[in-house]
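Trainee: No sequence on hand, only this structure:
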């Protein structure tokens, strides 16, 4: 499958230190090739970059990039930085919506560390009316991510959501459980290289699973986010909602910063809610490579940018 091959190639490239050094040197300079997809390296840059979104009828969620920290101190530092980011968002007046990864907050250290750091973030987030989305990482983290979410949910943190990947064979049962809990779900196809024992390897199967999960979320979910740039998946969602008589404000579409702005505008013009996922931070390279793996057509754009920068 071309998609699986692309993911594998770019996953491998993301580990190459020479590429990481080149990317760090050239990617985020003013006009650098990565700025098409990354809103900046600081929250201040990100806030500035999203200033035009409300005027275009778009919602947003900010994601401070980082993952797979290996120490208690690194995890605590990430949580502290997130509290600073929340304060900056409040002061700026932009929409109070963020996304984060649990391995950035210590899930690889131990589950208790991740839960404690999430509480440190959720206390000010709840106080200031934020919605917090826990991003889903690759399949070894699925159970642990959902367990942390459920622990926090039971402790009364209800302005929480998570992400489900249609490529994973287990996802229908996860969606049913999250719907029963009342958790808001973002549905994606999945950007990680996964083994055939846990994930569909054929894109047709991934798409079919996406449509089935989308229907379950629209029927039984709590304001689901249908996150895709695939026109076929978008049309399937619109068609199903129309067939069922669902209002357009029952759900929203989500798309990545810098990708398919034309499609974002078309959906807004059609009366649909569209949220833009806005990543920022110094640890942007792994995210950037996953985006290239999903959309290999972007490679030519990046290569032109590197040549121009040099």
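Mentor: Alright, I've got the coordinates. This structure is a prediction, so every number in the text was calculated from the model and none was measured.

Trainee: Need the contact partners of stretch 186-193.
Mentor: 4, 7-8, 11, 133, 136-139, 161-168, 199, 206-207, 210, 213-214, 217, 224-228, 230, 254, 290-291, 293-294 (CB atoms under 8 Å, 6 or more residues apart in numbering). (Each C-beta comes from the backbone N, C-alpha and C, glycine too.)

Trainee: Give me the distance from it to the chain's centre.
Mentor: Offset of stretch 186-193 from its chain centre (CA atoms, centre = their mean, to the nearest Å): 9 Å.

Trainee: contacting residues around the nearest residue to residue 122 once chain neighbours are set aside?
Mentor: Distance criterion CB to CB, 6 or more residues apart in numbering; nearest residue to residue 122, sequence neighbours excluded, is residue 157 at 4.8 Å. Counting by CB under 8 Å, 6+ apart, residue 157 touches 118-119, 122, 126.

Trainee: Which among those count as buried?
Mentor: For the contacts of residue 157, a neighbour count by 16 or more other CB atoms under 10 Å gives the buried set as 118, 122.

Trainee: Work out for me the element residue 79 sits within.
Mentor: Using DSSP states H and E, residue 79 falls within helix 72-92.

Trainee: quick one: buried residues of that helix?
Mentor: Under 16+ other CB under 10 Å, the buried positions of helix 72-92 are 74-76, 78-79, 81-82, 85-86, 88-90, 92.

Trainee: for the record, mean pLDDT for it?
Mentor: For helix 72-92, mean pLDDT is 97.

Trainee: try stretch 195-215
Mentor: On average, stretch 195-215 scores 97.

Trainee: Repeat that for stretch 30-45.
Mentor: 86.

Trainee: ends of it, how far apart?
Mentor: 11 Å (CA to CA, to the nearest Å).

Trainee: Return the distance of that stretch from the chain's centre.
Mentor: For stretch 30-45 - counting by CA atoms, centre = their mean - the centre lies 17 Å from the chain centre.

Trainee: Can you give me the buried ones in it?
Mentor: Those would be 32-41, 43, 45, for stretch 30-45 by 16+ other CB under 10 Å.

Trainee: what does stretch 272-284 give?
Mentor: Under the neighbour-count criterion of 16+ other CB under 10 Å, stretch 272-284 has 272-281, 283-284 buried.

Trainee: Farthest pair within these?
Mentor: 272 and 283 (32.0 Å; CB to CB).

Trainee: mind listing what residue 142 touches?
Mentor: Taking CB under 8 Å, 6+ apart as the test, what residue 142 contacts is 136, 168, 170, 174.

Trainee: same thing but at 7 Å, please
Mentor: 136, 168 (CB atoms under 7 Å, 6 or more residues apart in numbering).

Trainee: Now do the strands in this structure.
Mentor: In the chain, the strands defined using DSSP state E lie at 59-64, 97-100, 131-134, 160-165, 184-188, 225-227, 252-256, 274-280.

Trainee: can you redo those as a markdown table with distance to residue 245 and mean pLDDT?
Mentor: A markdown table is the format used below for the strands of the chain (distance: least, CB to CB, whole Å; pLDDT from 0 to 100):
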| stretch | distance to residue 245 | mean pLDDT |
| --- | --- | --- |
| strand 59-64 | 24 | 98 |
| strand 97-100 | 28 | 98 |
| strand 131-134 | 27 | 98 |
| strand 160-165 | 25 | 98 |
| strand 184-188 | 21 | 98 |
| strand 225-227 | 17 | 98 |
| strand 252-256 | 18 | 97 |
| strand 274-280 | 21 | 97 |
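
Trainee: Let's have these in TSV, adding distance to residue 144.
Mentor: As requested, those are exported to TSV (distance: least, CB to CB, whole Å):
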stretch	distance to residue 144
strand 59-64	20
strand 97-100	15
strand 131-134	11
strand 160-165	12
strand 184-188	17
strand 225-227	22
strand 252-256	24
strand 274-280	22
